[in-house]
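Peer 1: turn this into a structure:
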Amino acid sequence: MTVVGIDDTDSRERGMCTTYVATQVAQRLRHEVGASVTRLLLVRLNPAVEYKTRGNAALAIHTDAAPERAFALARDRLADLAETTDERTNPGLVVADHGPGDAPTEVSGFTRRAIRDHLDPADAAALIDRVGYLSWGEGTGRGRIGALAAVGSWDALDEWTYEFISYREPDRWGTEREVDRETVFAAADRGYPEVWDTVDRGEGETVCVPHTPGPILHGIRGDDPDGVRAVADQIESEPVAASQLFRTNQGTDVHLREGSIESAADGRAYRLDGRVATVPETRRGGHVFFELEADATDRESAAADDTCDPETPQLPCAAFEPTKRFRDRVRALRVGDRLTVCGEVARGTLKLEKIAVRDLVTTDRATPICPACERTMESAGRNQGYRCRDCGTHADGKATIEIDRDLEPGWYEVPPCARRHIAKPLVRGGFDAPTHPER
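Peer 2: As a prediction, the model looks like this:
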């Protein structure tokens, strides 16, 4: 067996798509070489690296073609199709002479690091030399990182989902896509929940249809290969030039690492526990921010004053405007609420992908009410409690009152229109608390 790894052929402005390049390589292996292709993998790498394209995907092709023949054919296709006129596009190719599950431990470890960390092209080049893989690249050589990670992904990853991608006829690339919205929403309803993130019902968006100038017509994601094919088949659109089923780590949360508030670093994605330390604030542009801190012992006391301990490590968290209605969930938080937050850290701020509300503050401290006349008491002086001006009634301190909350405990997520490819939708299940999925 042979594994072909491909990465970094597309451009943010000019289009192309590495899934399309891999599909073209697979077709030529079948038709020109007479080889069989067992599967294609779509591997999402660290979504927090600054030099990525939108989805940061690398591709692997599992085939029985001879390594040298597969390498020559794939290099030819990459050289023809990669958008190297964009200086940020640095295609890479790695070909391994072994089965998908036989990658050396070093290589599968490299894959896991590529999904959660930052790597250098020199790291990839040195490892490729040590294990004796064939490789090729242009530009900075950064494409070899993803290509090598794709080679080791079958060993490195345990959880897989599916995406069925339909491609446009080449003469239509760069033009407006002709896709019937009603059939997309109807197909999404029939496929849900096994097929997810096809549309965003709250925003009225067809999430599966991209807006970039590349070759993709639509991509259908889900847990069942037959289900994603069926949804794609029900969508009425312009002619489909080609299609391909991919196994993928999309929708798995494999990018998240456990960590602590004080150790969270830029360019990585985390799952962190803490408590809300400041009142959520909506800033210019509609972005909502609050500070998360390590859980305090006297949570109710801190909540009473809407303050936090300056000695406790804090991390700014943000629900940015593109997360739409998710921001209302964040605005409903109060100081003292205990949370688990998930997202990447950039410029010292965690960009929220989902939150779990673990424990809600349900009481507040308020100026007491006079039991005789039901008027609000006034301060009797510093550290002297409160008194009623009319009745003379006295209270030693503030009263504890019950408060209604607009949130319930459990998991909340950004809507499908704002979801990262690799982030796990709540509808997939397996979470440690009740879920409130977005559709």
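Peer 1: show me what stretch 170-178 is in contact with.
Peer 2: Here stretch 170-178 makes contact (Cβ atoms under 8 Å, 6 or more residues apart in numbering) with G15, R168, V209, P213, G214, P215, L217, S237, E238, A241. For glycine as for every other residue, the C-beta is placed from the backbone atoms N, C-alpha and C.
Peer 1: which of those residues sit farthest apart?
Peer 2: By the measure Cβ to Cβ, G15 and S237 form the most distant pair in the contacts of stretch 170-178, at 18.2 Å.
Peer 1: follow-up on the earlier one: from the contacts of stretch 170-178, which has minimum pLDDT?
Peer 2: Ranked by pLDDT, the contacts of stretch 170-178 bottom out at G15, which scores 55.
Peer 1: give me the below-cutoff pLDDT ranges for the stretch 251-400 of the chain.
Peer 2: Where the stretch 251-400 of the chain drops to pLDDT under 70, the residues are 296-310.
Peer 1: for it, which segments count as helices?
Peer 2: For the stretch 251-400 of the chain, helices defined by DSSP state H, counting those that start in this stretch occupy the ranges 299-305, 326-331.
Peer 1: sorry, back to before: could I get the contacts of stretch 170-178 as TSV with neighbour count, distance to R268 and secondary structure?
Peer 2: TSV is the format used below for these (neighbours: other Cβ atoms under 10 Å; distance: Cβ to Cβ, whole Å; DSSP: H, G, I helix; E, B strand; the rest coil):
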residue	neighbour count	distance to R268	secondary structure
G15	18	29	strand
R168	23	35	coil
V209	18	31	coil
P213	14	31	coil
G214	21	28	coil
P215	27	31	coil
L217	26	34	strand
S237	17	38	strand
E238	16	40	coil
A241	16	38	coil
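Peer 1: which among these gets closest to E138?
Peer 2: G15 (17.8 Å).
Peer 1: how far does stretch 123-139 sit from its chain's centre?
Peer 2: 28 Å (Cα atoms, centre = their mean, to the nearest Å).
Peer 1: end-to-end on that stretch?
Peer 2: From its first residue to its last, stretch 123-139 covers 16 Å (Cα to Cα, to the nearest Å).
Peer 1: now swap in stretch 210-228 and tell me
Peer 2: End-to-end distance (Cα to Cα), stretch 210-228: 17 Å.
Peer 1: repeat that for stretch 156-172.
Peer 2: Start-to-end, stretch 156-172 (Cα to Cα) is 38 Å.
Peer 1: same question for stretch 264-284.
Peer 2: Stretch 264-284 has an end-to-end distance of 26 Å (Cα to Cα).
Peer 1: flag every buried residue along it.
Peer 2: 264, 268-278, 280 (16 or more other Cβ atoms under 10 Å).
Peer 1: with stretch 352-367 instead?
Peer 2: Of the residues in stretch 352-367, those buried (16+ other Cβ under 10 Å) are L352, E353, K354, I355, A356, V357, R358, L360, V361, D364.
Peer 1: among these, which ones are in strands?
Peer 2: L352, E353, K354, I355, A356, V357, R358, D364 (DSSP state E).
Peer 1: pretty sure the first one contacts V414?
Peer 2: Okay, so that is L352. Yes. If you go by Cβ atoms under 8 Å, L352 and V414 touch, sitting 7.2 Å apart.
Peer 1: common neighbours of those two, please.
Peer 2: Common neighbours of L352 and V414 (Cβ under 8 Å, 6+ apart) are A319, T323, F326.
Peer 1: circling back to that earlier point, farthest pair in the buried residues of stretch 352-367?
Peer 2: E353 and D364 (29.8 Å).
Peer 1: what helix or strand is the nearest residue to E32 once chain neighbours are set aside on?
Peer 2: The spatially closest residue to E32, leaving aside those adjacent along the chain, is L73, at 6.9 Å (Cβ to Cβ, 6 or more residues apart in numbering). Using DSSP states H and E, L73 maps to helix 67-81.
Peer 1: and the next helix or strand past that helix?
Peer 2: strand 92-96.
Peer 1: strand partners (parallel or antiparallel) of that next one?
Peer 2: Strand partners for strand 92-96, identified by DSSP bridges, are recorded as strand 2-7 (antiparallel), strand 134-137 (antiparallel).
Peer 1: single out the most deeply packed of those strands.
Peer 2: When the strands paired with strand 92-96 are scored by mean count of other Cβ atoms under 10 Å, the highest mean neighbour count falls to strand 2-7 (a mean of 30).
Peer 1: what's it in contact with?
Peer 2: 18, 21-22, 25, 57-67, 70-71, 74, 78, 91-100, 103, 143-151, 154.
Peer 1: just after it, pick out the following helix or strand.
Peer 2: Criterion used, DSSP H and E; the element after strand 2-7 is helix 18-31.
Peer 1: what's the angle from that following helix to strand 2-7?
Peer 2: Orientation check (axes from the mean of the first three to the mean of the last three Cα atoms, to 10 degrees): helix 18-31 against strand 2-7 gives 150 degrees.
Peer 1: buried set for helix 18-31?
Peer 2: By 16+ other Cβ under 10 Å, the buried positions in helix 18-31 come out as T18, T19, Y20, V21, A22, T23, Q24, V25, A26, R28, L29.
Peer 1: out of these, show me where the pLDDT dips lowest.
Peer 2: T18 (89).
Peer 1: phi first, then psi, for the nearest residue to P425 once chain neighbours are set aside.
Peer 2: Nearest residue to P425, sequence neighbours excluded (Cβ to Cβ, 6+ apart): W196, at 5.0 Å. With angles defined as degrees, to the nearest 10, W196 sits at phi -130, psi 160.
Peer 1: does W196 touch R221 like I think?
Peer 2: Yes. Checked against Cβ under 8 Å, the pair W196 and R221 is within contact range at 6.3 Å.
Peer 1: what do the two both touch?
Peer 2: With Cβ under 8 Å, 6+ apart as the test, W196 and R221 both reach G251.
Peer 1: picking up where we left off before, next, format the buried residues of stretch 352-367 as JSON lines and append distance to V184.
Peer 2: Below are these laid out as JSON lines (distance: Cβ to Cβ, whole Å):
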{"residue": "L352", "distance to V184": "27"}
{"residue": "E353", "distance to V184": "24"}
{"residue": "K354", "distance to V184": "25"}
{"residue": "I355", "distance to V184": "29"}
{"residue": "A356", "distance to V184": "31"}
{"residue": "V357", "distance to V184": "32"}
{"residue": "R358", "distance to V184": "36"}
{"residue": "L360", "distance to V184": "37"}
{"residue": "V361", "distance to V184": "42"}
{"residue": "D364", "distance to V184": "46"}
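Peer 1: name the nearest of those relative to L256.
Peer 2: Once Cβ to Cβ is applied, the member of these that ends up nearest L256 is E353, at 8.5 Å.
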